[in-house]
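Undergrad: Have a look; sequence and predicted model below, questions after that.
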Amino acid sequence: MHHRRNVGSFAGRPPYVTAVVSRPQRGYALYGLNLIGLRRNRFSPETVAALKQAFKIIFRAEVPIKEALARAEAELPPLPEVKHLIEFVRERQARRFEVRA
């Protein structure tokens, strides 16, 4: 995939995050924030710092995801980008455990 391609939220990976594929059969692994993309799109330094902290809390902390999301909501500023990341992860987590009839 081209590095400038805008795939939106349908890509299956969290927004503002870069991912790498180590083994195609196992899917991707999250690498970190897409700092270049954030800077190119003129995200404020405050927003980038909050997203960095959110990434660490949600994806790097060794706690259950529900706990990590609650911690991120409580500790981080209520910026729209942070809320978007949290809601994306929460929605994906809910779909993951959805029971189908």
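TA: All right, it came through fine.
Undergrad: Following the helix or strand harbouring residue 50 in sequence, what is the next regular element?
TA: Under the criterion of DSSP states H and E, residue 50 resides in helix 45-55. Following helix 45-55 in sequence order, the next helix or strand is helix 65-75 (DSSP H and E).
Undergrad: That next one to helix 45-55, inter-axis angle?
TA: 150 degrees (axes from the mean of the first three to the mean of the last three C-alpha atoms, to 10 degrees).
Undergrad: Show me how far the helix holding residue 50 is from its chain's centre.
TA: 11 Å (C-alpha atoms, centre = their mean, to the nearest Å).
Undergrad: and what of stretch 44-53?
TA: 13 Å.
Undergrad: And the contacts of that stretch?
TA: 16, 33, 35, 38-39, 43, 72, 75-77, 79, 81-82, 85 (C-beta atoms under 8 Å, 6 or more residues apart in numbering). The way it works is simple: take the backbone N, C-alpha and C, and place the C-beta from them, glycine included.
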